[in-house]
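Asks: my questions concern the predicted model and sequence given below.
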Amino acid sequence: MFLSARTLSRGRMLALCLALLGGLALAGWWQAGQDAGAALRADTLRLHIRADSDSVRDQTCKLAVRDAVLALTERLWPRDASPSEAREAAARSLPAIQWAARQTLARLGQEASVQVSLVNMYFDTTRYAGCALPAGRYDAVRVDIGDPDSCGQNWWCVLYPGLCTAACGGYDDPAETDLVCGGYILRFRAVEWWQQLTAPREDRVLVRLE
């Protein structure tokens, strides 16, 4: 049995209207957060370096390769490059990144193979000094040293924007910057929770050099 408007008291009508408005506001807030999260992931390029094992030697090689790759990637695109320009430059530069990694290993007397890829992959929530990136799928330049199926501790950072320093303040969209820098804690949690629940976990290789 449905209640007509005449059977509702003014108080109940007011409560119903407030509940409806609250629901609409919450839905808008949720959608705005998810839209900001999607834009953030599209505007971010990450760097992911995986060592062959957790041995001291392999972890030392990983950090040396990291330094060489970072020195190279600082020159891959101008500071005012767009996200798409940075992603295209990274894809074109995969051979140079692989060469820098191999040269670094050779100087250390190591002959491990190096596989370099541009991938779309899932990252858990990552916290840096002064900022954090919510969980979700991001494009990343990935460098695998040795056997990629048996990797040790890996290392990652924000390649664009920020060149692996701090992403805070590096985004053009204020909503993305606020999301990264903690301006909207509840919005960050909403994006984080939804991506942890729904984002696929398998890697999708976009470009690969063996």
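Replies: Here it is on my side, so go on.
Asks: quick check, pLDDT for Gln98.
Replies: pLDDT for Gln98: 95.
Asks: what of Tyr184?
Replies: At Tyr184, pLDDT is 51.
Asks: start at 550 instead
Replies: That works, and once the first residue is 550, the last one we named lands at Tyr733.
Asks: run through the strands of the chain in chain order.
Replies: Here the chain has its strands, by DSSP state E, at 594-599, 663-672, 675-677, 680-682, 685-694, 703-709, 753-758.
Asks: show me the shaky parts of the chain.
Replies: 550-579, 582, 678-679, 711-736, 759 (pLDDT under 70).
Asks: just to revisit the earlier point, any chance of the strands of the chain in CSV, plus mean neighbour count and distance to Leu643?
Replies: All C-beta spots, glycine's among them, are computed from the backbone N, C-alpha and C. Conversion of the strands of the chain to CSV gives the following (neighbours: other Cβ atoms under 10 Å; distance: least, Cβ to Cβ, whole Å):
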stretch, mean neighbour count, distance to Leu643
strand 594-599, 22, 12
strand 663-672, 19, 5
strand 675-677, 14, 23
strand 680-682, 20, 23
strand 685-694, 23, 7
strand 703-709, 21, 13
strand 753-758, 12, 5
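Asks: what's the closest of these to Ala587?
Replies: strand 685-694 (8.4 Å; Cβ to Cβ).
Asks: which strands or helices does that closest one pack on?
Replies: helix 559-591, strand 594-599, helix 605-622, helix 643-656, strand 663-672, strand 703-709, helix 734-747 (3 or more Cβ pairs under 8 Å, 6 or more residues apart in numbering; DSSP states H and E).
Asks: wait, which of those is closest to Asp629?
Replies: strand 703-709 (11.8 Å).
Asks: what lines up beside that closest one in the sheet?
Replies: strand 594-599 (antiparallel) (DSSP bridges).
Asks: okay, the strand it pairs with in CSV with CA atoms only?
Replies: Written as CSV, here are the backbone C-alpha positions of strand 594-599 (Å, rounded to 0.1, in the frame of the first residue of the first chain):
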residue,chain,number,x,y,z
LEU,A,594,53.0,7.0,-15.8
ARG,A,595,54.9,4.9,-13.3
LEU,A,596,58.3,3.1,-13.2
HIS,A,597,58.5,-0.4,-11.9
ILE,A,598,61.9,-2.2,-11.6
ARG,A,599,62.0,-5.9,-10.6
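Asks: and the angle for that strand with helix 605-622?
Replies: Orientation check (axes from the mean of the first three to the mean of the last three Cα atoms, to 10 degrees): strand 594-599 against helix 605-622 gives 160 degrees.
Asks: rebuild the strands of the chain as a markdown table, extending it with distance to Val618.
Replies: Rendered in a markdown table, the data for the strands of the chain read as follows (distance: least, Cβ to Cβ, whole Å):
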| stretch | distance to Val618 |
| --- | --- |
| strand 594-599 | 7 |
| strand 663-672 | 9 |
| strand 675-677 | 18 |
| strand 680-682 | 19 |
| strand 685-694 | 6 |
| strand 703-709 | 9 |
| strand 753-758 | 13 |
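Asks: wait, which of these is closest to Thr622?
Replies: Of those, nearest to Thr622 by Cβ to Cβ is strand 703-709, at 6.1 Å.
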